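Colleague: Quick one: sequence and predicted model below, then my questions.
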Amino acid sequence: MRKTKEATEISRLRILDAAEKVFCSQGYASAKMNDIAAMVGMTKGAIFWHYTSKAALFRAVHTRSVGRIRQIFESVFSSVDPIMEKCRKVLLQTRKDRAFEVLLAFGSSDTAELPPEMLIEIHKSISSILEVARQKLEEAKRVEELLPDTDVFDILSSFVLVMSGFGKMGEVKKILGGLAGKIDGDIAINMLFKGLNSFQTER
């Protein structure tokens with residue numbers, strides 16, 4: 001019995017969700033298609049029916065993550081909020097979505113088996129997404145919403161540092177033990193932007 005288009009799409013989404021978790025936790029080279037299949041209750045052959053290879057599945061997960069992040073950036077930066085509030089909201093929404101964590105994990109994981117052009121594609125994706133923020137920050141400088149001596153790349157560097165830490169929060173909590181209850185991603189982001197607000201001009 002042939003699958004309906006809706007059932008096929010549901011299967012694809014389940015595979016992508018599982019692959020995202022496995023690729024993030026194990027890296028590309030160590031990830032096993034059997035693990036992904038077990039997570040979704042399918043055979044490995046069934047997954048290869050949807051995605052012809054491990055690389056094709058990896059590319060599909062990457063493409064989906066890029067789309068989710070780009071949508072967050074473009075939606076938030078098109079709002080009427082002050083520029084630093086836009087930056088804060090981008091980080092808060094991205095942290096809850098985990099999509100940027102996915103890209104960072106892909107870009108820094110064991111990529112020995114990954115085709116070089118795909119690794120280049122990942123890095124370009126991250127750069128193109130951050131370019132949206134760079135353009136908006138430069139525009140905020142031109143309209144004097146930010147101080148004229150503001151270094152936009154300082155702000156972007158803070159973005160990347162905070163986003164890079166999203167995937168490490170569990171490790172930080174293990175190290176801090178009893179203090180872990182006081183660690184929260186939203187609190188960290190809000191504290192960061194209290195400092196970055198000093199770049200804004202008074203209105």
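Modeller: Sure thing, it's come through. Numbering: from 1, shown residues only.
Colleague: so residue 91 touches residue 160, yeah?
Modeller: No. If you go by Cβ atoms under 8 Å, residue 91 and residue 160 don't touch, sitting 10.6 Å apart. The way it works is simple: take the backbone N, C-alpha and C, and place the C-beta from them, glycine included.
Colleague: The two: who's more crowded?
Modeller: residue 91 (24 against 13; other Cβ atoms under 10 Å).
Colleague: Tell me which residues touch that one, please.
Modeller: By Cβ atoms under 8 Å, 6 or more residues apart in numbering, residue 91 lies in contact with 159, 162, 163, 189, 192.
Colleague: Take those residues and write them to TSV, including neighbour count and distance to residue 21.
Modeller: As requested, the contacts of residue 91 are exported to TSV (neighbours: other Cβ atoms under 10 Å; distance: Cβ to Cβ, whole Å):
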residue	neighbour count	distance to residue 21
159	21	24
162	19	22
163	21	19
189	21	24
192	17	28
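Colleague: for those, which one is nearest residue 9?
Modeller: Among the contacts of residue 91, residue 163 lies closest to residue 9 (Cβ to Cβ), at 29.4 Å.
Colleague: Can you point out the helix or strand that includes the closest one?
Modeller: Per DSSP states H and E: residue 163 is located in helix 152-166.
Colleague: list the contacts for residue 32?
Modeller: Residues near residue 32 by Cβ under 8 Å, 6+ apart: 22, 26.
Colleague: Just checking, which helix or strand of this structure averages the lowest pLDDT?
Modeller: helix 169-176 (a mean of 49; mean pLDDT, DSSP states H and E).
Colleague: quick one: the helices in this protein?
Modeller: 5-30, 33-40, 44-50, 54-77, 83-97, 99-108, 116-142, 152-166, 169-176, 185-196 (DSSP state H).
Colleague: Determine the set of other helices and strands touching the shortest one.
Modeller: This means helix 44-50. Secondary structure elements in contact with helix 44-50, counted by 3 or more Cβ pairs under 8 Å, 6 or more residues apart in numbering; DSSP states H and E, are helix 5-30, helix 33-40.
Colleague: how far away is the residue nearest to residue 68 when sequence neighbours are not counted from residue 36?
Modeller: Leaving out its chain neighbours, the residue that sits closest to residue 68 by Cβ to Cβ, 6 or more residues apart in numbering is residue 99, at 4.1 Å. Using Cβ to Cβ, to the nearest Å, one obtains 18 Å as the distance from residue 99 to residue 36.
Colleague: Also residue 148?
Modeller: Between residue 148 and residue 36 the computed distance is 51 Å (Cβ to Cβ).
Colleague: out of the two, which sits in the more crowded spot?
Modeller: The neighbour count for residue 148 versus residue 36, taken as other Cβ under 10 Å, is higher for residue 36 (26 against 8).
Colleague: Per-residue pLDDT of that one, please?
Modeller: pLDDT, residue 36: 95.
Colleague: Then the one 3 residues further on?
Modeller: In this prediction, residue 39 carries a pLDDT score of 94.
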